[in-house]
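S.K.: sequence and computational prediction follow.
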Amino acid sequence: MSFFRAPLKSWASLAAVCLGLLPAQADPSLAAVPARPSPEWLRSGTIYEIFPRDFSPAGNLRGVTAHLDSLRNLGVGILWIMPIHPIGEKFRKGEFGSPYSIKDYYAVDPNYGTLEDFKQLVAGAHQRGMKVIMDLVANHTAWDSVMMAHPDFYKQDAPGHVIPPVPEWTDVAGLNYASPGLRTYMTDMLKYWIKQADVDGFRCDVAYMVPTDFWEQVRDELTKVKPDIMMLAEASKPELLVKAFDIDYSWPLLATINGVLIHDAPAADLRHTWEENHSRFPKGALHLRITDDHDEARAVARYGLNGALAASALMFTLDGVPLLYNGMEVGDATESGDPALFDKLTIFWAPKERLPLQKVYHDLIQLRKQYPALRTDRVDWLHNSEEARLVTFRRADDQDEFVVAINLSSRPVNAKVDLTETAGYQPIKISGVPEASGGVLPGIHLNGFEWRIFHRPVVTTAAAK
């Protein structure tokens, strides 16, 4: 659940919503403050979001566990499991209801299985070297939640009626963090899941709607239970990354990539958005790089298959942590988001006439694992002669340098990249991606939605001097 619940008329309105999440008085001095340090397993990982209802024909936790080997072989390191709790029936939307309308935080939805099933899923992931984070819905509950026994836990209007957090979210009731009892309840519940199921962290739904001081308090408490826990904020709010969260959503960049690929905005807008975001957030802030999740129409539907892959290439080579969602690696185009979120639409694991996306994503994941240069927060944007359609940037550390070039249009592009030293750069071979069609840096030729990653070891540069 997020602000994407209401239809957005254009990428510009999406950008306005994204930026509107930031307080008008956002403190620019936060850019001088270090972000909270994040565990290395998060920085080097790829997150895979799973909607258990749709992930397998069985639509339960065992259906996820049965697929763990495939996820490990793909290379993902972190599994984000969407809410596993019983769903409210009062004011339910759709046949199954939103998983973000929760009746009991301490229970597992019987349609998904049992607590033991979830514990086996987590243990199986750990055995394969993967981490597991739960989806935490801290802003609201179902109207028939067990917590309704505590009216003070809820937001109320002047006459004392419980109200939704947003008028349009009619299937949920808003929680009131002015209540000390609620804060204790939620903190104890999170500790329960760490202790009972050994989860490695939480993805926190609409985190920007919950007071920052609660997140900071609960983070301190959870770290006492599991020191290397991670927390992902569904937000784009700089103050959250100072003490409470390890990572947040790169919504502004998602809005911009929508503008470029859907509405023909200049590709150079991506650099401008990245730089603006960089100037607002704490130093070293980590962002989730997304093109697809449960709140969006599928990327292959929005951008086309080749456009979606070009967008993914950008997300996997920029700073931050990339996200794959529920069958994205096979090009699944099954509808997602509202209203599909409230029903069951199983992933189609063998779609016809798809590019070998699994091979592409596997190699991109391995590339990030192999080279620390692709995991730093350093991005050097490079000017080129076709910035309306082409983005070019460099990722580097003291061992390796990469130049990334992505054509974000359907038309071929011939361009010159603003690089003074080009000796030693070689294109990286990515399985399933055709060999380079021409051009030697600083010149480059790319067909529509084509992209290239060039690499050279830093010693090559030193030897050339």
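M.R.: Great, that's in hand.
S.K.: now stretch 48-64: buried residues?
M.R.: For stretch 48-64, a neighbour-count test (16 or more other Cβ atoms under 10 Å) marks 48-56, 59-64 as buried. Yep, even glycine has a C-beta here, placed from its N, CA and C like the rest.
S.K.: okay, and which of those map to strands?
M.R.: Under the assignment DSSP state E, these contribute 48, 49, 50 to strands.
S.K.: coming back round to it: most widely separated two among the buried residues of stretch 48-64?
M.R.: Distance extremes for the buried residues of stretch 48-64: the farthest pair is 49 and 62 at 18.6 Å, using Cβ to Cβ.
S.K.: pLDDT wise, what is the residue nearest to residue 142 when sequence neighbours are not counted at?
M.R.: Spatial nearest neighbour of residue 142, chain neighbours left out: residue 88 (2.2 Å); criterion: Cβ to Cβ, 6 or more residues apart in numbering. With respect to pLDDT, residue 88 has a value of 97.
S.K.: now residue 11
M.R.: Note on residue 11: pLDDT of 34.
S.K.: can you pull the contacts of residue 67?
M.R.: Residues near residue 67 by Cβ atoms under 8 Å, 6 or more residues apart in numbering: 55, 56.
S.K.: returning to that earlier point: distance check, the residue nearest to residue 142 against residue 187.
M.R.: Applying Cβ to Cβ, to the nearest Å, the value for residue 88 to residue 187 is 22 Å.
S.K.: try residue 455
M.R.: Spatial separation of residue 455 from residue 187 under the definition Cβ to Cβ is 46 Å.
S.K.: for these two, indicate the residue with more neighbours.
M.R.: Using other Cβ atoms under 10 Å, the more surrounded residue of residue 455 and residue 187 is residue 455, with 20 against 16.
S.K.: contacts only, for that one.
M.R.: Residue 455 neighbours (Cβ under 8 Å, 6+ apart): 371, 400, 401, 402, 425, 426, 427, 428.
S.K.: ok so, going back, and of the ones in strands among the buried residues of stretch 48-64, the nearest to residue 231?
M.R.: Nearest to residue 231 among those: residue 49, at 15.5 Å, using Cβ to Cβ.
S.K.: list only buried entries from the contacts of residue 455.
M.R.: Counted by 16+ other Cβ under 10 Å, the contacts of residue 455 give 371, 400, 401, 402, 425, 427 as buried.
S.K.: filter the residues you listed down to the ones in helices?
M.R.: Judged by DSSP state H, helices contain none of the buried ones among the contacts of residue 455.
S.K.: possible to save these as CSV with pLDDT and distance to residue 273?
M.R.: Listed next are the buried ones among the contacts of residue 455 as CSV, based on pLDDT from 0 to 100; distance: Cβ to Cβ, whole Å:
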residue, pLDDT, distance to residue 273
371, 98, 25
400, 97, 26
401, 97, 24
402, 98, 21
425, 95, 27
427, 94, 27
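S.K.: closest to residue 419 among these?
M.R.: Distance to residue 419 across these (Cβ to Cβ) is lowest for residue 425, with 8.3 Å.
S.K.: that closest one contacts residue 456, correct?
M.R.: Yes. Residue 425 is within contact range of residue 456, at 4.8 Å (criterion: Cβ atoms under 8 Å).
S.K.: contacting residues around residue 247?
M.R.: 38, 42, 230, 231, 232, 233, 241, 286, 287, 288, 320, 321.
S.K.: show me which pair in those residues is furthest apart.
M.R.: 231 and 320 (15.6 Å).
S.K.: please say which of those two ends up with more neighbours.
M.R.: Each of residue 231 and residue 320 has its neighbours counted (other Cβ under 10 Å); residue 231 has more, 26 against 22.
S.K.: remind me which residues of the chain are low pLDDT?
M.R.: In the predicted model of the chain, residues 1-28, 436-439, 460-465 satisfy pLDDT under 70.
S.K.: domains of it?
M.R.: 3-370, 380-464 (automatic domain parsing).
S.K.: tell me the most buried of the ones you listed?
M.R.: Mean neighbour count (mean count of other Cβ atoms under 10 Å) peaks for domain 3-370 among those, with a mean of 19.
S.K.: leaving out chain neighbours, which residue sits closest to residue 434?
M.R.: Closest to residue 434 by Cβ to Cβ, 6+ apart is residue 450, at 7.8 Å.
S.K.: wait, doesn't the one you found sit right on residue 407?
M.R.: Yes. If you go by Cβ under 8 Å, residue 450 and residue 407 touch, sitting 5.2 Å apart.
S.K.: name the residues contacting each of those two.
M.R.: Common neighbours of residue 450 and residue 407 (Cβ under 8 Å, 6+ apart) are residue 310.
S.K.: now do the biggest helix by length in the chain: which elements does it pack against?
M.R.: In the chain, taking DSSP H as the definition, the longest helix is helix 180-197. Packing partners of helix 180-197 (3 or more Cβ pairs under 8 Å, 6 or more residues apart in numbering; DSSP states H and E): helix 115-127, strand 131-136, helix 212-225.
S.K.: between the ones you listed, which one is closest to residue 70.
M.R.: Checking the helices and strands packed on helix 180-197 against residue 70 by Cβ to Cβ gives helix 115-127 as the closest, at 12.3 Å.
S.K.: the closest residue to residue 128 other than its chain neighbours is in what secondary structure piece?
M.R.: Nearest residue to residue 128, sequence neighbours excluded (Cβ to Cβ, 6+ apart): residue 72, at 4.3 Å. Using DSSP states H and E, residue 72 falls within helix 68-74.
S.K.: after that helix, next one along is what?
M.R.: Next along the chain from helix 68-74, counting by DSSP H and E, comes strand 78-81.
S.K.: export that following strand as CSV, just CAs?
M.R.: Output of strand 78-81 as CSV, limited to C-alpha atoms (Å, rounded to 0.1, in the frame of the first residue of the first chain):
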residue,chain,number,x,y,z
ILE,A,78,17.1,-10.7,0.2
LEU,A,79,13.5,-11.8,0.1
TRP,A,80,10.9,-9.3,1.0
ILE,A,81,7.7,-11.2,1.8
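S.K.: tell me the strands beside it, with direction?
M.R.: Strand 78-81 pairs in its sheet with strand 47-50 (parallel), strand 131-136 (parallel), by DSSP bridges.
S.K.: related to what we said a few turns ago, now tabulate the contacts of residue 455 in CSV and tack on distance to residue 101.
M.R.: What follows is the contacts of residue 455, written out as CSV (distance: Cβ to Cβ, whole Å):
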residue, distance to residue 101
371, 42
400, 47
401, 48
402, 44
425, 52
426, 52
427, 48
428, 44
